[in-house]
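Colleague: Starting from these lines, generate the structure:
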Amino acid sequence: MPLAIDSVNNTFYTSTPSVQQNALQANSTQATTSTSLAERLAANAEAARARQQELQEQRDLRAQEQQDVREQRQAELREARQQQIQYLQDQLEQARLDAFNEQQDSINNLLSAENLARQQLEVNNNPQQFGLDPNQVTTRVATQAISVYQETQAGPDLLNRGLVA
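Modeller: A predicted model of the protein is given here:
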């Protein structure tokens, strides 16, 4: 046996294999390794299919959960919008009712500015109906006559001169 010397340790080496096998043993070893390899490949493929199926189920479950959350959020938003619409409609109805009540109050109130103006207009337009002498001078006509007289007595106004010419 030849001796190999290296820097680490001394070892024996030989050019022939240490264990002798005959051809039948080699073929049976190859057959068992090829069947065990095929079995391992099949098992690996089956495990990969199972893992893919599990991942697909998880994806489907996640997608379903997201869809449920999305639908729930849409339902909540729809409910909130309906409540807001109802609230705004109630406010509008209340505002209309308040405006109508104010209008009714002003019509029914005899001392309101509108009623007093309406009464004065009726008196001025139909004095005989209210028992007034048509030749009698009313306070409105008297105040207008006084203001016109005062304007004419004051003389020509510098601002009105440009308008008269």
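Colleague: Following element in sequence after the one helix or strand residue 53 maps to, please.
Modeller: Assigned by DSSP states H and E, residue 53 belongs to helix 23-108. Using DSSP H and E, the helix or strand that follows helix 23-108 in sequence is helix 113-125.
Colleague: rewinding a little: show me what the helix holding residue 53 packs onto, helices and strands only.
Modeller: Packing contacts for helix 23-108, counted by 3 or more C-beta pairs under 8 Å, 6 or more residues apart in numbering; DSSP states H and E, involve helix 113-125. For the C-beta atoms, the positions are set from N, CA and C on the backbone; glycine is no exception.
Colleague: Next secondary structure after the helix it packs on?
Modeller: Proceeding N to C from helix 113-125, the next assigned helix or strand is helix 139-154, under DSSP H and E.
Colleague: contacts for that next one?
Modeller: Under the contact criterion C-beta atoms under 8 Å, 6 or more residues apart in numbering, helix 139-154 has outside partners 120, 124, 137.
Colleague: again, 7 Å this time
Modeller: Contact partners of helix 139-154, identified using C-beta atoms under 7 Å, 6 or more residues apart in numbering, comprise residue 124.
Colleague: Give me the angle between that helix and helix 113-125.
Modeller: Helix 139-154 runs at 80 degrees relative to helix 113-125, counting by axes from the mean of the first three to the mean of the last three C-alpha atoms, to 10 degrees.
Colleague: returning to what we had before: now do the helix holding residue 53 and helix 113-125, the angle between them.
Modeller: For helix 23-108 against helix 113-125, the angle by the same axes, to 10 degrees is 40 degrees.
Colleague: and residue 120, how many residues sit next to it?
Modeller: When neighbours are counted by other C-beta atoms under 10 Å, residue 120 registers 13.
Colleague: got the contact list for it?
Modeller: Under the criterion of C-beta under 7 Å, 6+ apart, residue 120 has no neighbours.
Colleague: go with 10 Å
Modeller: For residue 120, the contacting residues are 138, 139, 140, by C-beta atoms under 10 Å, 6 or more residues apart in numbering.
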